[in-house]
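Novice: any chance you could fold what I've pasted below:
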Amino acid sequence: PFFGKMIKPKEKHLIFGTPSYTAGTKGVQRGHVVIAPTSDEELEDMKDKIKGAWVLIEGKNNGWARDGGRRHEPSEMTIKIKQAGALGTIQLTTFPIRLLEGKVDSWDNLPTLADIKLLDAQYNEIKEMVEKGEEVVLEFDIRNHFKKGPIKYHNVIAWIPGSKFPDEYVVMGGHFDSFDSATGAVDNGSGFTPAMEAIRLIAQAGGRPQRTIMVHLWAAEERGLVGSQDWIRRNPDKIPRIAACFNRDGGTNAIVGLSVSEAMYADFEKICQPLYNLNPDFPFELNKSKPRSRPIRAGGSDSSSFLMAGVPSLGWQTRDVFDLGVTYGETWHTNLDSYNKVVSEYQEHSALVIALVVYGVANLDHQLSREGFFIENNEKLIFSFPSMLNFILQEP
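Specialist: The predicted structure is shown next:
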């Protein structure tokens, strides 16, 4: 399995990670450690030592790959270290270890120099030993593999057809891809699974919504909202008939509120009545939101794909009700994004809230009003729908 350890002067398990789209090792590779040179003259003197070595580099990991995230921009020194025959670089990281991605330009230019982010205490220990002249030997087996594409992405979509307005829709869900620093349990397993449970609850209760209720599990959100933008592009006829989108992508905390526009407020006051007494541990608040700008660029989650198309995407308010110390930043794209960080009580309650709200919207005798949801004088920033779709297709 994927591992790293110190071999000399003592054996020790190493705590580290590598960003996505960075190089792996060629099987198990063992080498001594050197500190990166700071000048060309120093590099020239160290060439023999760099060959077959793990090189400690300066700086602190911020999640992105050593050679850049959105752009591939290796430093001149990194290029020279690679040419000298280094096995990989090692950079200091704090805990939890945030791991984002690198950029691969083409199949003909795949990364070959491993990019290791090592826990600060171990990095500093190793650096101190090397500075004292001790020989430090490390061994890594990093299984980052590249497979030639194209790779197909697939959204997962389920629905309960509407009994009276089958061509009008209420959309809920979240993305189901994740970064590979852990298992993606919080980002975004905790987001899409309540929607799955919500539609199961509605179906199990024999619900017959007047409008079609759709659950969308979006593919490749982390690659630039690929799944949701593609669905918008393929379904322009549905856009005007979507009452609202409820996207969950903010962590495992319990849903305790909802913000809606002034024009929607009266409808949601009725829809949300059951929530006020649903569970005293989770008091619910309905709030009025101010008109917002309609975005012309994709944002941080799939909700922005719908907002760009002019569909109201309504935001849940969430809270760590039991003060468990749950913070989204702790797990966001880090090695702590695993199942034990998901709070089952919060998930269960959120699924109930989503089911009741979505079912309520689906059963209105009229469509939700979009009046005042977007800022009116924002019109000049909005593409016409066909142009906007072309813009979406050009986004990375």
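Novice: list the buried residues for stretch 359-366?
Specialist: By neighbour count with 16 or more other CB atoms under 10 Å, stretch 359-366 contains the buried residues 359-364. Glycine gets a C-beta too; all of them are placed from N, C-alpha and C.
Novice: cool, and stretch 320-339?
Specialist: By neighbour count with 16+ other CB under 10 Å, stretch 320-339 contains the buried residues 320-321, 326, 328, 331-338.
Novice: output that stretch as CSV - backbone C-alpha positions only.
Specialist: The C-alpha trace of stretch 320-339 is given here as CSV (Å, rounded to 0.1, in the frame of the first residue of the first chain):
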residue,chain,number,x,y,z
ASP,A,320,-23.1,22.6,15.0
VAL,A,321,-26.1,22.4,17.3
PHE,A,322,-24.5,20.1,19.9
ASP,A,323,-21.2,22.0,20.0
LEU,A,324,-19.2,19.0,18.8
GLY,A,325,-16.4,21.2,17.4
VAL,A,326,-17.4,20.4,13.8
THR,A,327,-15.8,22.9,11.4
TYR,A,328,-15.9,22.6,7.6
GLY,A,329,-12.4,24.0,7.3
GLU,A,330,-10.9,21.1,9.2
THR,A,331,-12.1,18.6,6.7
TRP,A,332,-12.3,20.6,3.4
HIS,A,333,-9.9,18.8,1.1
THR,A,334,-7.8,17.4,3.9
ASN,A,335,-6.8,14.0,5.1
LEU,A,336,-9.5,14.3,7.8
ASP,A,337,-12.4,14.1,5.4
SER,A,338,-13.5,10.7,6.4
TYR,A,339,-16.6,8.9,7.8
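Novice: chain center to that stretch: distance?
Specialist: 13 Å (CA atoms, centre = their mean, to the nearest Å).
Novice: again with stretch 165-179
Specialist: Distance of stretch 165-179 from the chain centroid (CA atoms, centre = their mean) equals 17 Å.
Novice: for stretch 45-56, same thing?
Specialist: 36 Å.
Novice: just stretch 268-277 next, same as before
Specialist: 31 Å.
Novice: next: stretch 330-343.
Specialist: 12 Å.
Novice: sorry, back to before: the buried residues of stretch 320-339: which two are farthest apart?
Specialist: Greatest spatial distance in the buried residues of stretch 320-339: V321 and N335, 26.1 Å, computed using CB to CB.
Novice: can you list the domain ranges for the protein.
Specialist: The chain breaks down by automatic domain parsing into domains covering 3-141, 156-394.
Novice: so K127 touches L56, yeah?
Specialist: Yes: using CB atoms under 8 Å, K127 makes contact with L56 at a distance of 5.6 Å.
Novice: find residues that contact each of the two.
Specialist: Common neighbours of K127 and L56, counting by CB atoms under 8 Å, 6 or more residues apart in numbering, are I35.
Novice: please say which of the two ends up with more neighbours.
Specialist: Using other CB atoms under 10 Å, the more surrounded residue of K127 and L56 is L56, with 22 against 17.
Novice: any figure for the gap between the more buried one and K152?
Specialist: 40 Å (CB to CB, to the nearest Å).
Novice: likewise S338?
Specialist: Distance, S338 to K152, by CB to CB: 27 Å.
Novice: just P74 next, same as before
Specialist: Taking CB to CB, one finds P74 at 30 Å from K152.
Novice: next: G17.
Specialist: G17 is 27 Å from K152, where distance means CB to CB.
Novice: how about A182?
Specialist: Applying CB to CB to A182 and K152 gives a distance of 25 Å.
Novice: could you do R223 as well?
Specialist: Going from R223 to K152 by CB to CB gives 13 Å.
Novice: so what pairs up with A254 in the strands?
Specialist: Here A254 sits in beta bridges with R319, going by DSSP bridges.
Novice: surely G173 touches N247?
Specialist: Yes: using CB under 8 Å, G173 is in contact with N247, at 6.6 Å.
Novice: and the helix ranked longest in the chain, how far from the chain's centre?
Specialist: Criterion DSSP state H: the longest helix present in the chain is helix 344-362. Its chain's average C-alpha position is 22 Å from that of helix 344-362, according to CA atoms, centre = their mean.
Novice: report the secondary structure state of the residue lying closest to L356 once chain neighbours are set aside.
Specialist: In space, and not counting its chain neighbours, L356 is closest to P274: 5.5 Å by CB to CB, 6 or more residues apart in numbering. Counting by DSSP: H, G, I helix; E, B strand; the rest coil, the backbone at P274 sits in helix.
Novice: for P274, grab the count of nearby residues.
Specialist: Count around P274 with other CB under 10 Å applied: 15.
Novice: cool, and G174?
Specialist: A count of neighbours around G174, defined by other CB under 10 Å, yields 28.
Novice: note down every partner strand of the longest strand along the chain and its orientation.
Specialist: Among the segments of the chain that qualify as a strand by DSSP state E, the longest is strand 165-175. Using DSSP bridges, the strands paired with strand 165-175 in its sheet are strand 211-218 (parallel), strand 242-247 (parallel).
Novice: quick check: which helices or strands does the very next helix or strand once past that strand pack against?
Specialist: Next in sequence after strand 165-175, counting helices and strands by DSSP states H and E, comes helix 190-204. Applying 3 or more CB pairs under 8 Å, 6 or more residues apart in numbering; DSSP states H and E, one finds that helix 190-204 contacts strand 156-160, strand 165-175, strand 211-218, helix 344-362.
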